[in-house]
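>>> Pasting the sequence and the predicted model now:
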Amino acid sequence: MFEATIRADRLADAVDATAALVDECRLRLDEEGVSIRAADPAVVAMVEVEVDADDFHSYAADGEVIGVDLTRLEDLVRVSDDDDLVRLRLDAERRVLAVEVETLSYSLGLIDPDTVREEPDLPELSPPAEATMSGAQLDRGIAAADMVADHLRLRVPESRRSLRIEAEGDTDDVTVELGPEDLIDFSPGEADSLYSLDYLKEMNHAIPSDASVTVEMGTEFLVRLAYEAAEAGPRVSYRLAPRISTA
Amino acid sequence: MFEATIRADRLADAVDATAALVDECRLRLDEEGVSIRAADPAVVAMVEVEVDADDFHSYAADGEVIGVDLTRLEDLVRVSDDDDLVRLRLDAERRVLAVEVETLSYSLGLIDPDTVREEPDLPELSPPAEATMSGAQLDRGIAAADMVADHLRLRVPESRRSLRIEAEGDTDDVTVELGPEDLIDFSPGEADSLYSLDYLKEMNHAIPSDASVTVEMGTEFLVRLAYEAAEAGPRVSYRLAPRISTA
Amino acid sequence: MFEATIRADRLADAVDATAALVDECRLRLDEEGVSIRAADPAVVAMVEVEVDADDFHSYAADGEVIGVDLTRLEDLVRVSDDDDLVRLRLDAERRVLAVEVETLSYSLGLIDPDTVREEPDLPELSPPAEATMSGAQLDRGIAAADMVADHLRLRVPESRRSLRIEAEGDTDDVTVELGPEDLIDFSPGEADSLYSLDYLKEMNHAIPSDASVTVEMGTEFLVRLAYEAAEAGPRVSYRLAPRISTA
């Protein structure tokens, strides 16, 4: 039995964060809340989304696992107002998720979870460096790199006094240097990796500009971007594998 | 002799409402006001627009009938401010409609009315059911149906306690159920018809979200959507033939 | 040695005004300020932009001439806030312009100025007529002409009481007549010339609607549009050759 009520904007945050990487996913409906884990087709990027039972207005679940088409959920959320309450109810027999918002009742046909790409394992890693910045600051760094190249380099220089977002183009280079005064928090350590901007732009697009984003990184290391979408909003984390440096 | 002055936004309401279905039309310039009646090429949808002589700042007409290209009028209205006064004068000899707005004088070449598709007959019908709702409510119903299908079903259930907008997709269904509390007015009756969303979306696009839209309907019946664009604005009504149910 | 600091919005005004006509240009970095002169590939239209040393927060230059790709500068300005200070420093040895805005450092590879299309000579002309109008008024005139034709005619009628912007289409004509009350300033004189709307639309796009634009014109004469982008902003002037009348 799964039956829950949630504000439309919180549901939107969770759906948009996941849809940045995949079109369909598994929802795990546990007592503690709803969780999603998915990897893009190339298994270069992963997303993990958690909505706590407490972030719902009402919540009851028994550990069900369902497969959903995120495009449909995105459409549904788009016709709702932010503070509309969305009622979700699993009809296991008919294999549909019944969604109700105000006068609207939507019957979302479920996907067999076994046909959804397998959830990736999320390795427990000890990232040597970590910085927390505003979504706006991250956005500026990604936009700057995007002017000259299709990948960016995240690097902590030897002085360990800043985090550098760097990109090299054919004729132009760009660096965004974030010192302690530009960061909410900073635990420097050895870090120097290249990442694809295509993925970072998709992730960045889903990150609210007023969110605090924690960036965990290392040398030729998976980067992790973690944030909470809003007060009492879903917890999201993206992971992105480094590109092999061709330098 | 036709010579009239009208606010740019009222002219825009009349032009946009008509242009939702056709590119050119006949204007009937009678003593009581200007009226338009037009059907789309497939004669599935019809529009009727009436601007009363009283809704003009000044008005004089002798029953002339002219043919106009609505695209040109749409462009003209777009470069005007809402409260600009638009002066219209028919120059029958040169076969042009002289349009003046502020510093701008536009000479609109007229189309031979005989070459414009004939005006449809508007059958007098007695629709079994009628509901009045806000443009915003109608918009939400159409957007919801559009998520899953290319047509929607307007239906009054047997209980006659609500109006239902329904759509069935391959995997998903959606229903918007409007009870008396969601409607401005409701005279229930037997009604169950399917309509093409392509047409409804065009009509809906022209309907202001704060207008009160009266929906007349029946079973396998022409639907009529009627509204007044604004206080002292044009009266518009759309008619749309039902699709033959394939169920 | 060139080293200067300027508000991002003033730099944007200069870059956008130039980029309306060309993708790359020469910057002359003199003691008095930065100046640009460029013609479009067909040498039908020319732009001249001057940013006085006083309009910079700090300024030092020795008469250097550099070639720049305007697309890159446009991107750079777009990621800056209006009141950000942009620091420019020429690194002649590495042939780059170092641009710094807040946390961002951009190294802009320069173009050999000899490979940039030659700067046009700007003939000293004595235009018979001159009118000053708001950018919004000019915009309306260009939008009106664009509804019916691909060129417009600037004309002072024999009465010399107004400036007329005229366009003739296949079926429709349009005239915007600007009298002394619509103009900020007017020195009438003989003027009657045709100009390509393609060029005028590009120029108009870069002109702020609240700018005062001085239009100098004559008969089959180069038109000159001159304005100051904002208080302490760059001075811009466009010149456009007349089309040979086919009438």
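Happy to help now that I have it.
>>> Would you mind naming the residues that bridge with A:Leu163?
Going by DSSP bridges, A:Leu163 is paired in beta bridges with A:Leu178.
>>> list the contacts for it?
A:129, A:131, A:154-156, A:177-178, A:183, A:186, A:188, A:191, A:215 (C-beta atoms under 8 Å, 6 or more residues apart in numbering or on different chains). In this view, the C-beta of every residue, glycine as well, is placed from N, C-alpha and C.
>>> I'd like the distance between A:Leu152 and A:Leu194.
7 Å (C-beta to C-beta, to the nearest Å).
>>> neighbour count winner among the two?
More neighbours surround A:Leu152 than the other of A:Leu152 and A:Leu194, with 26 against 19 (other C-beta atoms under 10 Å in any protein chain shown).
>>> In a helix, A:Asp114, correct?
Yes - the assignment for A:Asp114 by DSSP: H, G, I helix; E, B strand; the rest coil puts it in a helix.
>>> Quick check, pLDDT for it.
Predicted confidence (pLDDT) at A:Asp114: the value is 94.
>>> Also A:Ala247?
Per the predicted model, pLDDT is 51 at A:Ala247.
>>> And A:Pro123, by the same measure?
78.
>>> Spit out the contact partners of it.
Applying C-beta under 8 Å, 6+ apart, the residues near A:Pro123 are A:Leu222.
>>> Sitting in strands, which of the contacts of A:Leu163 do you find?
Among the contacts of A:Leu163, DSSP state E puts A:129, A:131, A:154-156, A:177-178, A:186, A:191, A:215 in strands.
>>> Return the member of those residues nearest to A:Glu64.
A:Val215 (33.7 Å; C-beta to C-beta).
>>> what's across from the closest residue to chain B within chain A in the sheet?
Going by C-beta to the nearest C-beta, chain B is nearest to A:Gly109 of chain A, at 3.1 Å. Here A:Gly109 sits in beta bridges with A:Val96, going by DSSP bridges.
>>> From what I see, it and A:Val96 are in contact.
Yes - at 5.7 Å, A:Gly109 counts as touching A:Val96 under the criterion of C-beta atoms under 8 Å.
>>> between the contacts of A:Leu163, which is nearest C:Ala53?
Closest to C:Ala53, out of all of the contacts of A:Leu163 and judged by C-beta to C-beta, is A:Glu177, at 29.0 Å.
>>> tell me the pLDDT at the closest residue to A:His57 other than its chain neighbours?
Leaving aside its sequence neighbours, A:His57 sits nearest to A:Thr5 (C-beta to C-beta, 6 or more residues apart in numbering or on different chains; 4.1 Å). Here the pLDDT value assigned to A:Thr5 is 98.
>>> A:Thr5 falls within a helix, correct?
No - read with three-state DSSP, A:Thr5 is strand and lies in no helix.
>>> on that earlier part again, from A:Asp91, how far out is the residue of chain A closest to chain B?
For A:Gly109, the distance to A:Asp91 equals 11 Å [C-beta to C-beta].
>>> So the two - more neighbours on which side?
A:Gly109 (17 against 13).
>>> which residues touch the more buried one?
Residues near A:Gly109 by C-beta under 8 Å, 6+ apart: A:69, A:95-96, B:170-172.
>>> give me that answer again for 7 Å
A:95-96, B:171-172 (C-beta atoms under 7 Å, 6 or more residues apart in numbering or on different chains).
>>> With A:Leu76 instead?
A:Leu76 touches A:99, A:106, B:147, counting by C-beta under 7 Å, 6+ apart.
>>> and it, that one's in a helix?
Yes - counting by three-state DSSP, A:Leu76 is found in a helix.
>>> So it versus chain C, what's the distance?
Distance, A:Leu76 to chain C, using C-beta to the nearest C-beta, to the nearest Å: 34 Å.
>>> For A:Arg87, see how far away that residue is.
Distance from A:Leu76 to A:Arg87, by C-beta to C-beta: 12 Å.
>>> Could you check how far the nearest residue to A:Ala241 once chain neighbours are set aside is from A:Tyr195?
In space, and not counting its chain neighbours, A:Ala241 is closest to A:Val44: 5.0 Å by C-beta to C-beta, 6+ apart. To A:Tyr195, A:Val44 is 9 Å away according to C-beta to C-beta.
>>> Which residue is the nearest non-sequential neighbour of A:Leu200?
Nearest one to A:Leu200, counting by C-beta to C-beta, 6+ apart, is A:Ile142 at 5.4 Å.
>>> Quick check: phi and psi at the one you found.
When read as degrees, to the nearest 10, the backbone of A:Ile142 gives phi -70, psi -40.
>>> which is the next helix or strand following the helix or strand hosting A:Ala14?
Using DSSP states H and E, A:Ala14 falls within helix A:8-19. Per DSSP H and E, the first helix or strand lying C-terminal to helix A:8-19 is strand A:24-30.
>>> any idea of the mean pLDDT for that following strand?
Computed over strand A:24-30, the average pLDDT equals 97.
>>> repeat for stretch A:175-191
So the average pLDDT for stretch A:175-191 ends up being 97.
>>> So for it, first residue to last residue, what's the gap.
16 Å (C-alpha to C-alpha, to the nearest Å).
>>> got the contact list for it?
Contacts of stretch A:175-191 (C-beta under 7 Å, 6+ apart): A:128-134, A:137, A:140-141, A:144, A:154-156, A:160-166, A:212, A:217-219, C:103-105.
>>> Now with 8 Å, please.
Under C-beta under 8 Å, 6+ apart, the answer for stretch A:175-191 is A:127-134, A:137, A:140-141, A:144-145, A:154-156, A:160-167, A:212, A:214, A:217-219, A:221, C:103-106.
>>> Lowest average confidence across helices and strands of chain A, where is it?
helix A:70-78 (a mean of 94; mean pLDDT, DSSP states H and E).
>>> wait, doesn't A:Gly218 sit right on A:Pro127?
Yes - counting by C-beta under 8 Å, A:Pro127 is a contact partner of A:Gly218 at 5.2 Å.
>>> just to revisit the earlier point, counting neighbours, which of the contacts of A:Leu76 comes out on top?
A:Tyr106 (25 neighbours).
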